[in-house]
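# got a predicted structure plus its sequence, pasted below:
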Amino acid sequence: MRHNFRMSEMDLGGGAPPTLRGYFLHNEPMKKHVSWRAGGAAKRVYIPADLEDLTWLVRSVPLREDIHMVGLGSNLLVRDGGVSGVVIMLHGVLKKISIESRVHGLPLGPSDADSSLVFAQAGVASPKLARFAANNNLVGGEFWAGIPGTVGGAIAMNAGCYGGETWDKLVQVQTLNRQGQLNERYPDEYNTSYRHVALKHGDQEWFIGGWFRLPRGDGLASRETIKSLLKQRIASQPLNLPNAGSVFRNPPGDHAARLIECCGLKGCRIGGAQVSEKHANFIVNVGNASATDIERLIEHVEGSVEARTNVRLIREVRIIGERQ
């Protein structure tokens, strides 16, 4: 049920306006908001009205409460016992995407005349960013079409596929800290690597958006590349069943899917969760899987692969909440 609340009614801290302009959902089933279509409920879900409303909400949540930012829920599992704190949904809210002439405080380089900047907020779907760039005759961002999440998630995990990685294109990010303050940061303030991003110094922050520099080129060719990548994705991934994309990172010099398949785990099933027979690095919901089914299968795959190959797979998916 949708509600607007005065801050005092929500037992949140001081310093906020009398009424938030977004709305809360109470005991909201998170299976509606994650691509696995499984899991427990969130005690409170907040849908902000806009960025300003989001900053007020964040600065008003007591520090003792957790905050979870969620986009499309494409790499997230909420345990069956549910999640406390406040879950904030960003998709469809932080949706600005635009061409910008330059980034504030960042000097122009000699090659910048042959490129443009795209600014995208965290709630923009990654495939939309790919199409927007191509439609503006910018190239090099076609790989985003294969990432089934939002820009915020792509920045947070340095998402990539088909030879491209998000942080290779970033020149600046906008973040929000726990005090509700917006900051602009540069790539050299982060340690980044394959599917890993960490702020070198500072407390918890969330990515609100990013500026991406892309070279100018043939937009028509870029759109054709996007179509080709999407056909490849449809052919190789089990998109007909609920899933969360790649469950594990690829180990150095190898592929998680190859290791899982070599261990005879394709088709392995626990409850309604199954290692995909189409792509072994996907776990699919084949019929009313619980979050517990999925997590147990993830653990089984991890243990089996390590026992047989001595390789410890590292998860790409994020798991939050309480076990039931």
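Structure's in. What do you need? All values derive from a computational prediction rather than experimental measurement.

# what pairs with the host helix or strand of residue 213, and is each one parallel or antiparallel?
Element membership for residue 213 (DSSP states H and E) is strand 205-215. The strands that strand 205-215 pairs with in its sheet are strand 115-121 (antiparallel), strand 170-177 (antiparallel) (by DSSP bridges).

# quick one: low-confidence ranges for this protein?
In the predicted model of the chain, residues 1-18, 102-112 satisfy pLDDT under 70.

# residue 48 is in contact with residue 93, correct?
Yes: between residue 93 and residue 48 a contact is recorded at 5.3 Å, counting by C-beta atoms under 8 Å. All C-beta spots, glycine's among them, are computed from the backbone N, C-alpha and C.

# identify the contacts common to the two.
Counting by C-beta atoms under 8 Å, 6 or more residues apart in numbering, the residues touching both residue 93 and residue 48 are 22, 54.

# distance to residue 319 and mean neighbour count for the strands paired with strand 205-215 - can I get that in a markdown table?
Shown next, in a markdown table, are the strands paired with strand 205-215 (distance: least, C-beta to C-beta, whole Å; neighbours: other C-beta atoms under 10 Å):
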| stretch | distance to residue 319 | mean neighbour count |
| --- | --- | --- |
| strand 115-121 | 26 | 21 |
| strand 170-177 | 23 | 21 |
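
# which among those is found nearest to residue 42?
strand 170-177 (19.6 Å; C-beta to C-beta).

# quick one: whatever helix or strand comes next after the closest one to chain centroid distance?
Beyond strand 170-177 on the C-terminal side, the first helix or strand identified by DSSP H and E is strand 182-185. Taking the mean C-alpha point of strand 182-185 and that of its whole chain, the gap between them comes to 19 Å (C-alpha atoms, centre = their mean, to the nearest Å).

# so which residues make contact with strand 182-185?
51, 55, 104-105, 172-177, 199, 205, 208.

# and of the residues you listed, the nearest to residue 323?
Distance to residue 323, by C-beta to C-beta, is smallest for residue 205 among the contacts of strand 182-185, at 28.2 Å.

# doesn't residue 250 make contact with residue 314?
No: the pair residue 314 and residue 250 does not pass the contact test of C-beta under 8 Å, sitting 9.3 Å apart.

# which of the two has more neighbours?
For residue 314 and residue 250, the more surrounded residue by other C-beta atoms under 10 Å is residue 250, and the numbers stand at 18 against 14.

# so what touches the helix or strand hosting residue 198?
For residue 198, the enclosing helix or strand under DSSP H and E is strand 196-199. By C-beta under 8 Å, 6+ apart, the surrounding residues in contact with strand 196-199 are 155, 156, 157, 158, 167, 185, 189, 190, 191, 192, 205.

# neighbours of the last one, how many?
The number of residues packed around residue 205, counting by other C-beta under 10 Å, is 17.

# go on, the fourth one?
As a burial measure, residue 158 scores 18 neighbours (other C-beta under 10 Å).
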